[in-house]
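Asker: quick one: sequence plus predicted model below, questions after.
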Amino acid sequence: MKIIEGGVTAATGFSAAVCAAEIKYKDRTDMAAVISDVPCVSAGTFTTNIVKAAPVIWDRDLVYGSNTARAVIVNSGIANACTGKQGMDYCKETCEAVEKELGIPANQVFVASTGVIGMQLPIDRLTAGIGKMKGHFSDTIEAGTEAAKAIMTTDTKHKEVAVTVEIGGKTVTVGGMCKGSGMIHPNMCTMLGFVTTDCNISGEMLQKALSASVKDTYNMVSVDGDTSTNDTVLLLANGHAGNPKITAEGEDYDAFLEALNYVNTEIAKKIAGDGEGATALFEVKVINAASKEDAVTLSKSVITSSLTKAAIFGHDANWGRIICALGYSGAQFDPDKVDLFFESAAGKIQIAAGGVGCDYSEEEATKILSEEAVTVTADMHAGSAEATAWGCDLTYDYVKINADYRS
């Protein structure tokens, strides 16, 4: 596998365009479209929140229905969630506008929205935006980057990743972009992820790969513990790489899954590191747990602990908060066997052994915790399972951002 530059336009046959539709923002692009030059097989995973935004319902029906798509239309600023029949009608109108302006059948168009919940979309601006993008689609790396920027809300950085991998003697590319900064606690943030590939693969195996990948990537991220109404990850494959079609598990499927996992992991970590108001990416590794389920439960318990997140912000080696979060997670373990470590680019230090604090240097610990990425490792000494979760520190700015998000 080789890491390359780019995102959703890295794979052959995909292009993107953006525009300033003024849906909410008045000083930036706020709408993006990604299209394939041929119909794709598609896969998707969606929020488990009972309250689902209209685009989630639209996309879910498309994925589980025809499974064929050529385009994704995304807007930022307004989520089109809790908008009733009118919200669903606007999804349909958006796709019909794509058919009219771009010649892509309405039933091959995904829609996605992110932003404020409870507001109706200005559909005239949305459909006009599709017209503005007509004639401006490009398959360049820059076009993909601009698409990643256009879908941002409170994000401070655009997020994209791409890789290539050899499958059946052919070079296959997988690239993706996502947005997410607040209301991040996927359960399949406000999180939207879009991944494209030129791999030749069946719809069944594409969905199998995405569903498997989501468990250890997006679903291991948390910024604030809030599962969004709009969480969506879409994966489109157009087959242009010309590899022997993947129709079952095996060496080729494993190679594709590895590439997909890398892309999903990296953009998931970018979401965590760009949490609203965050100053640091906070990673929690649980090793030697009794089971995979326990490892996931334990790591996510620490990553969502407000007290632990606040300690990371303060560069305070308050390890008691970590073992406390492990203890209330619901997983069973022997606290007298737990070892804890802090690690970053500044070094690694053990802070607890056998559930008891070590004689460590507070100065050294503070130095380690002052980096932009901090890792806590919890060795449970209970088995051989492990899991990693990603989050961020909890800062004053998180409250400031969300206290007046609508205004």
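Answerer: Good, I have the coordinates. Keep in mind that what you see is a predicted model, and the values were worked out from it rather than measured.

Asker: and the end-to-end length of stretch 244-257?
Answerer: End-to-end distance of stretch 244-257 (Cα to Cα, to the nearest Å): 15 Å.

Asker: how far is that stretch from where the chain is centred?
Answerer: Distance, stretch centre to chain centre, for stretch 244-257: 23 Å (Cα atoms, centre = their mean, to the nearest Å).

Asker: got it, and stretch 314-332?
Answerer: Per Cα atoms, centre = their mean, the centroid offset for stretch 314-332 relative to its chain is 25 Å.

Asker: cool, and stretch 130-150?
Answerer: Here the centre of mass of C-alpha atoms in stretch 130-150, compared against the chain's by Cα atoms, centre = their mean, lies 20 Å away.

Asker: what's the neighbour count on Lys159?
Answerer: 25 (other Cβ atoms under 10 Å). Quick note: C-beta positions are derived from backbone N, CA and C, even for glycine.

Asker: and for the residue nearest to it when sequence neighbours are not counted, the neighbour number?
Answerer: Leaving aside its chain neighbours, Lys159 sits nearest to Lys270 (4.1 Å; criterion: Cβ to Cβ, 6 or more residues apart in numbering). Look at Lys270: counted by other Cβ under 10 Å, it has 22 neighbours.

Asker: tell me the confidence at Lys270?
Answerer: Per-residue confidence (pLDDT) for Lys270: 89.

Asker: surely it and Thr156 touch.
Answerer: No. Lys270 is beyond contact range of Thr156, at 10.8 Å (criterion: Cβ atoms under 8 Å).

Asker: doesn't Pro55 fall inside a strand?
Answerer: No. Counting by DSSP: H, G, I helix; E, B strand; the rest coil, Pro55 is not found in a strand; it is helix.

Asker: that older thread, so the residue nearest to Lys159 is in which element?
Answerer: helix 251-273 (DSSP states H and E).

Asker: so for that helix, what gets flagged as buried?
Answerer: Neighbour counts using 16 or more other Cβ atoms under 10 Å place 252-253, 255-257, 259-273 of helix 251-273 among the buried residues.

Asker: same question, stretch 301-316
Answerer: For stretch 301-316, a neighbour-count test (16+ other Cβ under 10 Å) marks 301-305, 308-309, 311-313, 315 as buried.

Asker: centroid residue for this structure?
Answerer: Nearest to the mean C-alpha position of the chain, by Cα atoms, centre = their mean, lies Ala268 at 4.3 Å.

Asker: wait, that one touches Tyr218, no?
Answerer: Yes. In this structure, Ala268 is within contact of Tyr218 by Cβ under 8 Å, at 5.0 Å.

Asker: list the neighbouring strands of the longest strand along the chain plus their orientation.
Answerer: Counting by DSSP state E, the longest strand found in the chain is strand 31-46. With DSSP bridges as the test, strand 31-46 is paired with strand 14-19 (antiparallel), strand 68-78 (antiparallel), strand 232-237 (antiparallel).

Asker: deepest-packed of those, please.
Answerer: Highest mean neighbour count among the strands paired with strand 31-46 (mean count of other Cβ atoms under 10 Å): strand 232-237, with a mean of 28.

Asker: now do it: everything it contacts.
Answerer: Residues outside strand 232-237 that contact it (Cβ atoms under 8 Å, 6 or more residues apart in numbering): 14, 36, 40-47, 55-56, 59, 63, 69, 72, 110, 112, 188, 191-201, 206, 209-210, 214, 218, 260, 264.

Asker: and if you look at stretch 373-384?
Answerer: With Cβ under 8 Å, 6+ apart as the test, stretch 373-384 has contacts from 273, 280-291, 294-295, 298-299, 302, 312, 322, 326, 333-334, 337-345, 368.

Asker: out of those, which end up buried?
Answerer: 273, 280-290, 294-295, 298-299, 302, 312, 322, 326, 333, 338-344, 368.

Asker: quick check: most distant residue from the centroid of the chain.
Answerer: Distance from the centre of the chain peaks at Asp359, with 38.6 Å (Cα atoms, centre = their mean).
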